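# 3D model of this:
(chains A and B)
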Amino acid sequence: MTRQLTDRPPAVAEAGPALRRRARWSGRTRRDFFVFLALALPNLVLIGVFTYLPLLNNVYYSTLDWTLGSASATVVGLDNYVTFFTSADAAKVLGTTAVFTLVTVGGSMVLGLLIALALNSKVRGTTFARSAVFAPYVLSGVGVGLVWLFIFDPGYGVLAWVLRGLGQQSPQWINDPQLSLVMVIIVYVWKNLGYCAVVYLAGLQSLPQDVMEAASLDGANGFRRFLSMSVPLLSPTTFFLLITTMLSSLQAFDLIRIMTPLGNGTSTLIYEAYLQAFGAYNRAGYSAAISVVLFAILLIITVLQLRFVERKVHYS
Amino acid sequence: MVMNLDRRHFLGLAGAGAGAAALAACGGPSTGGTTPASEAAEIDFSGVKPAASIDFWTNHPGKSQDVEKSIIAKFHAKFPDIKVNLVTAGANYEEIAQKFQTSQAAKEALPGVVVLSDVWWFRYFSNGNIIPLDGLVKQLDIKVDDFQKSLVADYQYDDKQWALPYGRSTPLFYYNKDHFKAAGLPDRAPKTWQEFAEWAPKLKASSGAQYAYIYPALAGYAGWTLQNNLWGWGGSWSNEWTINCDSAESVEALQWAQDSIYKDGWAGVSSKEAADDFAAGITSSTISSTGSLLGVLKSAKFNVGVGFLPGGPKVESGVCPTGGAGLGIPSGVSKEVQLAAGTFLKFMTEPENTAEFSAATGYMPTRTSADMTSVLAKTPQIKTAMDQLAATRVQDNARVFLPGADQEMAKAAAKILTQQGDVKATMTALKSTLEGIYTKDVKPKLKS
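Model prediction:
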């Protein structure tokens, strides 16, 4: 701030606000702005057309009583929202969404951190282990879902075979709604913890070693160093992961679609929106309203995280 | 004015964009008037020249891709001016419906001919998505009278024919002959479920299989196969448009099914595909579509027996629903495409082609004049499906005409059969849900 004032020509510093604005638009700044426009505008147009225009369209559709496939619809205002929030399904869907998101985000981050700690040690085979841990993240969700369905199949799945060997019957992972949710959560965490592990690993490797060594010399043991030094210093990484994994969990679709097509017990907000429009019910307007609710929740969570959680983050 | 796109802004935009990405971006409807059902007026095709190329959207019911290709090759030989593109439009009836309805919303890329299942054609009709075939029947001299009466009647409404039967099926009772023999049971399907309940403990004890009987996967078509149990006990999903799935008879039927799993312990519930479980030897018997017959015969390493569906304590016969798919023609394509599609539809359902399709899949021949001699010599089990056709019953309105009803029925069945939920309470809740769907989504579109 001081540098700006001292660099500014005296005439400008003494002039009125209008002159100062004009001065800010002159010269290099103006050139920078046009370069920015030239580079960013095509992307902004694409994002506008393919992301924000559909978003606005969707808000409009949410005010219609529209059967998918029908050429006409009736404007019903906020009826779709009222129907959703007054239905028994709302509590069930929101509850499922909350459980799925909290457990998958928490599970991925905690397990990811533990794996990152293990991978951060200087032992043989860590390169292979890193690749192995990260590989599921880049695999197709459809393929992963199909393979895990075979593992969980209570009739001839691998897990059932193991349990039978132990004299136990396999639980009804696929038909029982509660177990279906557990099954999908397990697979989702397995698929995504590699992402958290790699990001945490990068964070661990960028921790200032001198500070850690000083703590060590002061007599702090490994657990104390982790709790009092590593965890606070990793807070930017944790914050980043918290936002990105939460956004991705709230939008999880492929695994749910493949493993539990009926959505019985696994119908999160995004899957309920899909089922209502495309699954069987063909209620396009109602589905759009659920999508808007999801959008609002995503927006609120992101804003809250940025406003309140970020205050606890240590950036240096 | 210069935007400082820092991390905070980036994450904020990511949040907004993420929500937006989840939303559909298809073409919208007009809000000028009420939703019209398909126009019932006969379409005049005189003077129309068939289009040079049409798409045929199918999910290849009964793993029929090869036989569909074969019939299309014969069509090309007979009608070289019309090219039919075989399009895999989904893995099942629901996926193909999803694609078809999305294309309706986008108002583009519609096929000439589409496979439509028993639960979907009426929705296409009520949304104005398909044309009545009567004009094409007249123009192309399609022999509607030669189709199996009960099958062709399934697609009649408002005195018009909206589709023609294609991959039509009924459920069949499949049993492992070797298991039945080892248990000292007769080589036939049980006449009633009560008779099977007497057989089941012997079967389970001697076969080594996990179950004596496995209920079909609930995520599939539970509403279809459980019709058999409901009807056998004198119950139903609905009577015309009155939902009565919570009647004492229906509750008793599903209580019996629940007891067979939890109390008696001889039955289970398939997780994915009962026919596959049966062919893998996990169960001694099951109910599955006739469309699974050829697949089961091919993969099972034991002698497979098939029979009519068992009756119940109140009704012993005539407790088998029809099902499967027909072929329809969209309203949103040109007359030229519709005429070419009609020509292809007629060819696909010719007696010799329905026989070929039946031989390859196990689905029933849809034409009475189809010569099935060689087919039955090779696969005599298909005869059981054909004979059972005389003992079939039209499905309850609630299952085939209410959007999403099949899913709701499957959820209720899951609660009863896999969570040991209270049957009466579950069926009462289902009744309320189905009535809500009827009142909101169907009743306004029905002709008074």
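
# Just checking the distance from the strand or helix carrying residue B:352 to the centre of its chain.
Using DSSP states H and E, residue B:352 sits within helix B:351-361. From the chain centre to the centre of helix B:351-361 is a distance of 18 Å (CA atoms, centre = their mean, to the nearest Å).

# Buried residues of the helix or strand that comes right after it, list them for me.
For helix B:351-361, the following helix or strand on the C-terminal side (DSSP H and E) is helix B:373-378. Across helix B:373-378, burial judged by 16 or more other CB atoms under 10 Å in any protein chain shown covers B:375-376. All C-beta atoms are positioned from the backbone trio N, CA, C, and that covers glycine.

# what's helix B:373-378 in contact with?
B:355, B:358-359, B:365, B:382-383 (CB atoms under 8 Å, 6 or more residues apart in numbering or on different chains).

# distance between that helix and the chain's centre?
26 Å.

# Show the backbone phi and psi for residue B:84.
phi -110, psi 120 (degrees, to the nearest 10).

# need the contact list for it.
Counting by CB under 8 Å, 6+ apart, residue B:84 touches B:53-56, B:72, B:75-76, B:112, B:344.

# now the residues you listed: which count as buried?
Buried among the contacts of residue B:84 by 16+ other CB under 10 Å: B:54-56, B:72, B:75, B:112, B:344.

# Give me the subset of the residues you listed lying in helices.
B:72, B:75, B:344 (DSSP state H).

# and the residues you listed as TSV, adding distance to residue B:335 and pLDDT?
Output for these, formatted as TSV (distance: CB to CB, whole Å; pLDDT from 0 to 100):
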residue	distance to residue B:335	pLDDT
B:72	22	97
B:75	20	97
B:344	15	97
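
# Nearest to chain A among these?
For these, the minimum distance to chain A (CB to the nearest CB) is 22.8 Å, reached by residue B:344.

# need the contact list for that closest one.
Residue B:344 neighbours (CB under 8 Å, 6+ apart): B:54, B:56, B:75, B:79, B:82, B:84, B:112-113.

# repeat that for 7 Å
Each residue near residue B:344 by CB atoms under 7 Å, 6 or more residues apart in numbering or on different chains is listed here: B:54, B:56, B:75, B:82, B:84, B:112-113.

# Need the residues you listed in CSV (columns: distance to residue B:435).
Formatted as CSV, the contacts of residue B:344 follow (distance: CB to CB, whole Å):
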residue, distance to residue B:435
B:54, 41
B:56, 38
B:75, 45
B:82, 46
B:84, 43
B:112, 38
B:113, 35
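
# Report the two of these separated the most.
Spanning the widest gap among the contacts of residue B:344 are B:75 and B:112, at 12.2 Å by CB to CB.

# sorry, back to before: and the helix holding residue B:352, what does it pack onto?
helix B:65-78, helix B:373-378 (3 or more CB pairs under 7 Å, 6 or more residues apart in numbering or on different chains; DSSP states H and E).

# Go ahead and confirm residue B:217 touches residue B:270.
Yes - with contact defined as CB atoms under 7 Å, residue B:217 counts as touching residue B:270 (4.3 Å).

# For these two, work out which one has more neighbours and name it.
residue B:270 (27 against 23; other CB atoms under 10 Å in any protein chain shown).

# could you check the distance from that one over to chain A?
As judged by CB to the nearest CB, to the nearest Å, residue B:270 and chain A stand 7 Å apart.

# what does residue B:389 give?
Applying CB to the nearest CB to residue B:389 and chain A gives a distance of 27 Å.

# Just the pLDDT at that residue, thanks.
Confidence at residue B:389, expressed as pLDDT, is 88.

# do the one 4 residues further on as well
Note on residue B:393: pLDDT of 89.

# Flag every residue of the stretch 1-150 of chain A that's near chain B.
A:29, A:32-33, A:51-52, A:54-55, A:57-58, A:61, A:64, A:66-75 (CB under 7 Å from any CB of the partner chain).

# List only those of these flagged as buried.
Looks like the residues of the stretch 1-150 of chain A next to chain B have A:51, A:54-55, A:57-58, A:61, A:64, A:66-74 buried, using 16+ other CB under 10 Å.

# burial measure for the residue in the stretch 201-350 of chain B that chain A sits nearest to, as a count.
Chain A sits closest to residue B:271 of the stretch 201-350 of chain B, with a gap of 3.9 Å, by CB to the nearest CB. Counted with other CB under 10 Å, residues neighbouring residue B:271 total 27.

# go on, residue A:132?
Residues near residue A:132, counting by other CB under 10 Å: 11.

# Helix, strand, or coil at it?
helix (DSSP: H, G, I helix; E, B strand; the rest coil).

# Give me the pLDDT for it.
What the model reports for residue A:132 is a pLDDT of 90.

# For the residue nearest to residue B:419 when sequence neighbours are not counted, give me the pLDDT.
Nearest non-adjacent residue to residue B:419, counting by CB to CB, 6 or more residues apart in numbering or on different chains: residue A:176, 6.0 Å away. pLDDT recorded at residue A:176 is 87.

# likewise residue B:116?
pLDDT at residue B:116 comes out at 94.

# what's the angle from the helix or strand hosting it to helix B:65-78?
Using DSSP H and E, residue B:116 maps to strand B:113-117. Between strand B:113-117 and helix B:65-78, the angle comes out at 150 degrees (axes from the mean of the first three to the mean of the last three CA atoms, to 10 degrees).

# so does strand B:113-117 get close to chain A?
No - Strand B:113-117 does not reach chain A (CB under 7 Å from any CB); its nearest approach is 11.2 Å.

# Which strands and helices lie in contact with that strand?
Going by 3+ CB pairs under 7 Å, 6+ apart, strand B:113-117 lies up against strand B:53-58, helix B:93-106, strand B:323-328, helix B:335-348.

# Quick one: closest of the ones you listed to residue A:260.
For those, the distance to residue A:260 is smallest for helix B:93-106, at 13.9 Å, taking CB to CB.

# Backbone dihedrals for residue B:85, both of them.
phi -100, psi 120.

# List the residues that contact the closest residue to residue B:49 other than its chain neighbours.
Of all residues not flanking residue B:49 in the chain, residue B:336 sits nearest, at 6.0 Å (CB to CB, 6+ apart). Neighbour list for residue B:336: B:48-51 [criterion: CB under 7 Å, 6+ apart].

# out of those residues, which are inside strands?
The members of those all map outside strands under DSSP state E.

# Just the buried residues of the residues you listed.
Buried, going by 16+ other CB under 10 Å: B:48, B:50-51, out of the contacts of residue B:336.

# which one of these is nearest chain A?
Closest approach to chain A among the buried ones among the contacts of residue B:336 (CB to the nearest CB): residue B:51, at 22.4 Å.
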